[in-house]
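Participant: Take a look and give me a structure for this.
(chains A, B and C)
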Amino acid sequence: MSGLVFESIVKKFGEFTAVHETSLTIPQGKFVCLLGPSGCGKTTLLRMIAGLEAATAGRILLDGDDVTRIPTHKRDFGMVFQNLALFPHLTVGENIAYPLRIRGVSKSDCLAAVKRLLDLVQLPDMAGRPVSKLSGGQKQRVAIARALALEPKLFLLDEPLSALDAKLRESMQIELKQLQQKLGITTIVVTHDQREAMTMADLVVVMSQGKVHQVAPPVEIYRKPKDAFVADFIGSTNLISGRISGSGKLAVPGGTLLADDLPATGDVTLSVRPENIRVTAGSGDNTPGCLAGEVSYIRDLGASIEMYLSVAGQQITAITTPSDRPDIAAGDAVSVHFPKDACVVLGDA
Amino acid sequence: MINTFILRLFLGAIALFMAAPLAVVAGVSFNERKSLSFPPEGFSLDWYAQIFTEDSWRSALFNSVGVAVGASSLAVVVAFPLAWFLWRFHAPWARIVQVLGLAPFILPPVITALGFLSFWTTAGSYGQAWTVVISHGIFFVTLPLVTLTLGFEAVDDSLVEAAATMGADDRTILRTIILPLILPYIISGMAFAFVLSLNEYIVAYMAVGFTVETLPIKIFNSLRYGYTPTMASVTVLFVAIAVVVFGLIARFGDLPRLLGAWRHDDDS
Amino acid sequence: MKIKPRTFSDYATIGFPAGMLMVFFVIPFGIMIAVSFFQRVQGAFYEPAFVFDNYARFLTSFFGGILGFSIGLAALVAVVSVLLAFPFTYILTRMTRRTQVVWLVFLLSVLSLSEVLIGFGWSTLLSRTAGISNLLVALGVLDKPMSLSPSFGAVMTGMVYQTFPYTVLVLFPALSRLDPSLVEVARTLGSGPVRSFLNVVVPALRNSIVSTLIMVFVFALGCYLLPQLLGKPSHWTLSVLITDQAIYQSNMPFAAAMAVFLVLVSLSLVAISLLYGKKENAA
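Facilitator: Next comes the predicted model:
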């Protein structure tokens, strides 16, 4: 099949297991983000794809071919490093032409390729510059152009935008995504920034402690997190634990909540995003899906309003817009509504 | 105020102490008369001309420069693969070879010299001119080894990895990335070895003392028969060579870093 | 990413330097040790044997005197050099980069200077006709110029001159890495520059100072010409004696035995100084 497949890949550094047994398929032409906190094994996974780390066990297949034992320099993947790794002794043009030059591509072909690639990353006429004279964003583009020079099957980027300031980073995210769509190249980006992953990715791979938690499109990751780690790591959420008390009903401290896809029996945890929780003044009805609570404090951020509530001793956060703001203040008794379709049942992490 | 004064006095005294013998030697080297006297009487560059015009001095100079060029090249040729191996591979036993490379410089030179004397005698090559090139090459291998080790450490791993992802094998990486990046360290290591070989006496003396006269040997031999002003001009020439070589290293490289300082100038 | 060497060509790269050092450093060393047990033949060179005669000569009072003098001289030189170089290097590392570089170039030039040339320079400076005594006469301190060499003072001066740049360069890394805030803290607590130097800098680098003392001691022990050029025969050191025995007395076995002894002394001292250096890094 086409695409990149991990078959029971394991990576150990001595006693430490950086990547636990992982099987994963990355379809061809997709933009994939490996997302997780630092030390979760995402960079190790990327380096194994590039051949910079040898897998302890398992296989990596590209379009059906086993590439696990192929040395890095024969894989022909384009890679952008976290520190960009531009060669300081070469000019912009020489950096970009490097992979072509060492393959014996003629000078004129190299020049043509450099021009095309610089146009692609919107840095025309920069070929003669020393890399030390470039700004952070320009270096970024040169590193991308260099990695694409071989028209690789796989485009790998390790925290490529981490050195840029926030504003430039956002525009580069969009640019990178557009570039990938234009070229249709399978792209794998390592990042710890969930906004970056949400902006760029077709598919997000959420990892922590050497394990893959969920593989899904960004919206699904957000709306239907598979477990507590994903729910908590992607955006913010309220985690509420309870026991199944009937069909579609969950007994939680302070009352009953409703949710789809509940198992028949047992203890489960729900994730409810703050913006999906509705708060009304007064502790009137105590029907299923609605709990009585008290306002701890309110934070008005202008564009949104965060309400910190105490429900049966548990902290619950709700967010609303200024136009929907209920008429409440700290210390007031309130009703907290948890819509059925916003209550996501989480699996074990 | 008083502290600044004492500080300057101290620095001045050190500078005077370090410069005094060189200043006197420089002074007598310009002396018109052949006898040793200071302050110099008259001014003459004859004694400088004599290094190049008088056969025995000229051949000693050529011997010294030839040995220094050969020895410093050999030192780099031996040190480079060693430093590269230590940087590239994880092999604890290679540390032993590294220690062997550092040892000649730490031990008293007489010991190395005596080792070479007994070696060349046993090998039956005692007195051959090339033996001093090898002896110096090994004796000074420490210097390029140290600068190259620093040089390799300064190469960012990701540059090597990046080159590999672009299709460069070990050999290509060495040629296109590593060599250009550590060239300054190769040159400074070679320059250190060159200057020290030029000045080295005891190893050269024990290896070829009776057949090949390098400048230090020639000066020492001449000293035993009294003073000639050419000794002074040669000394000045040697100091000048050292200052120029180390000055060039400082100009094109990072001398404080080569000598073990952090680069704290970046944030100051 | 360091990997384990696997292929033949991986090993081949270290093969050449390892072979060169083996043939031209380890084997000469071995031969020297072997020669130290050989028997001297009068009129010829030496013949293979296995005798301890050469080592037995260590027990004579003549040798004991030389050994004691060498060690005492090297120790004195090391102490004086470190006493001068430590405050100097401290000041040097606080200077601007430019000034540092100028000093370093100068010190390296002196350090690389042949012992022959240093000896010549100082014998000129201390001579009757061209030396400082003429200056003292001109200043009216002395009646007539006098020769200050050969003498013990001349040997000491020459050796300190030679070891001073070495000492500075050995101390340079440790002092230039010293956290400047250490001193600043002391200054803000009200101690003067000299007191904060003595109370903060010196104790912080106690181990470096000890290991430097040992390194300079070994370096001074290796001085082979200055005692000969600037001193009287009574000022000769072990290194000079080794050279003398090997070259002029043609007694290689005895020279080798003394060299082996010198190696043992030097190596054990270097090992001690490395241990001290380690401790500081670990702390």
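Participant: Ramachandran coordinates for the residue in chain A positioned nearest to chain C?
Facilitator: Residue of chain A nearest chain C, by CB to the nearest CB: A:Leu52 (6.4 Å). Glycine gets a C-beta too; all of them are placed from N, C-alpha and C. The phi/psi pair for A:Leu52 (degrees, to the nearest 10) reads phi -80, psi -20.
Participant: my guess is it contacts A:Arg75, does it?
Facilitator: No. Using CB atoms under 8 Å as the test, A:Leu52 is too far from A:Arg75 to be in contact (9.9 Å).
Participant: list residues touching both of the two?
Facilitator: Shared contacts of A:Leu52 and A:Arg75, defined by CB atoms under 8 Å, 6 or more residues apart in numbering or on different chains, are found at B:Thr165.
Participant: For B:Val65, which non-adjacent residue is spatially closest?
Facilitator: B:Leu198 (7.1 Å; CB to CB, 6 or more residues apart in numbering or on different chains).
Participant: Could you give the number of residues near the one you found?
Facilitator: 27 (other CB atoms under 10 Å in any protein chain shown).
Participant: OK, contacts around it?
Facilitator: B:Ser64, B:Val65, B:Ala68, B:Leu215, B:Phe238, B:Ile241.
Participant: For A:Gly282, give me its contacts.
Facilitator: By CB under 8 Å, 6+ apart, the neighbours of A:Gly282 are A:Ala333, A:Val334, A:Ser335.
Participant: quick one: contacts of whichever strand or helix holds B:Val99?
Facilitator: Assigned by DSSP states H and E, B:Val99 belongs to helix B:94-106. In this structure, residues lying in contact with helix B:94-106 by CB under 8 Å, 6+ apart are B:78-79, B:82, B:85-86, B:112, B:138-143, B:145-146, C:14, C:17-18, C:21-22, C:25-26, C:218, C:266, C:270.
Participant: For the residue of chain A closest to chain C, which residues are in contact?
Facilitator: A:Thr72, B:Glu161, B:Ala164, B:Thr165, C:Met1.
Participant: repeat that with 10 Å
Facilitator: With contact taken as CB atoms under 10 Å, 6 or more residues apart in numbering or on different chains, A:Leu52 is in contact with A:43-44, A:46, A:72, A:75, A:79, A:81, A:156, A:158, B:157-158, B:160-162, B:164-165, C:1.
Participant: Is A:Ser23 in contact with A:Ala57, as I believe?
Facilitator: No. Between A:Ser23 and A:Ala57 there is no contact under CB atoms under 10 Å: 11.8 Å.
Participant: Please write out the alpha-carbon positions of the host helix or strand of the residue nearest to B:Val65 in PDB.
Facilitator: Using DSSP H and E, B:Leu198 sits in helix B:179-199. Below are the C-alpha coordinates for helix B:179-199, written out as PDB (Å, rounded to 0.1, in the frame of the first residue of the first chain):
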ATOM      1  CA  LEU B 179      36.900  19.600   6.400                       C
ATOM      2  CA  PRO B 180      35.900  23.100   5.500                       C
ATOM      3  CA  LEU B 181      34.500  23.700   9.000                       C
ATOM      4  CA  ILE B 182      37.600  22.500  10.900                       C
ATOM      5  CA  LEU B 183      40.100  23.900   8.500                       C
ATOM      6  CA  PRO B 184      40.900  26.700  10.900                       C
ATOM      7  CA  TYR B 185      41.600  24.100  13.600                       C
ATOM      8  CA  ILE B 186      43.900  22.100  11.300                       C
ATOM      9  CA  ILE B 187      45.800  25.200  10.400                       C
ATOM     10  CA  SER B 188      46.200  26.400  14.000                       C
ATOM     11  CA  GLY B 189      47.300  22.900  15.200                       C
ATOM     12  CA  MET B 190      49.800  22.800  12.400                       C
ATOM     13  CA  ALA B 191      51.000  26.300  13.200                       C
ATOM     14  CA  PHE B 192      51.500  25.500  16.900                       C
ATOM     15  CA  ALA B 193      53.500  22.300  15.900                       C
ATOM     16  CA  PHE B 194      55.500  24.300  13.300                       C
ATOM     17  CA  VAL B 195      56.600  27.000  15.800                       C
ATOM     18  CA  LEU B 196      57.400  24.500  18.500                       C
ATOM     19  CA  SER B 197      59.300  22.300  16.100                       C
ATOM     20  CA  LEU B 198      61.300  25.200  14.900                       C
ATOM     21  CA  ASN B 199      62.400  26.000  18.500                       C
END
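Participant: circling back: next secondary structure element downstream of the helix holding B:Val99?
Facilitator: helix B:109-123.
Participant: Is that following helix positioned near chain C?
Facilitator: Yes. Using CB under 10 Å from any CB of the partner chain, helix B:109-123 comes into contact with chain C via B:109-123.
Participant: among the residues you listed, who's most crowded?
Facilitator: Most surrounded of these: other CB under 10 Å gives B:Leu114, at 33 neighbours.
Participant: got a list of what that one touches?
Facilitator: Contacts of B:Leu114 by CB under 10 Å, 6+ apart are B:108, B:202-203, B:206, C:28-29, C:31-32, C:35-36, C:242-243, C:245-247, C:252, C:255-256, C:258-260, C:262-263.
Participant: Leaving out sequence neighbours, find the closest residue to it.
Facilitator: C:Ala259 (4.7 Å).
Participant: Longest helix in chain B, please.
Facilitator: What stands out as the longest helix in chain B, according to DSSP state H, is helix B:55-88.
Participant: most surrounded residue in the contacts of A:Gly282?
Facilitator: Within those, neighbour counts (other CB under 10 Å) peak at A:Val334, which reaches 23 neighbours.
Participant: hang on, that residue packs against A:Thr320?
Facilitator: No. With contact defined as CB under 10 Å, A:Val334 does not reach A:Thr320; the gap is 11.9 Å.
Participant: who touches both of the two?
Facilitator: In contact with both A:Val334 and A:Thr320: A:Val279, A:Met307, A:Pro326, using CB under 10 Å, 6+ apart.
Participant: And the spatially most central residue of chain C, how close does it get to B:Val155?
Facilitator: In chain C, the residue lying closest to the centroid (CA atoms, centre = their mean) is C:Phe219, at 1.4 Å. C:Phe219 is 32 Å from B:Val155, where distance means CB to CB, to the nearest Å.
Participant: Same check on A:Asn276?
Facilitator: Taking CB to CB, one finds A:Asn276 at 52 Å from B:Val155.
Participant: higher neighbour count, the two?
Facilitator: A:Asn276 (19 against 16).
Participant: Just give the nearest non-adjacent residue to that one, would you?
Facilitator: A:Ala342 (3.5 Å).
Participant: returning to that earlier point: so which of the shared contacts of A:Val334 and A:Thr320 is the most crowded?
Facilitator: Going by other CB under 10 Å, A:Met307 tops those with 25 neighbours.
Participant: before we move on, which element is A:Glu7 in?
Facilitator: A:Glu7 belongs to strand A:4-13, assigned by DSSP H and E.
Participant: near chain C at all, that strand?
Facilitator: No. For strand A:4-13, no contact with chain C is found by CB under 10 Å from any CB; the gap never falls below 11.4 Å.
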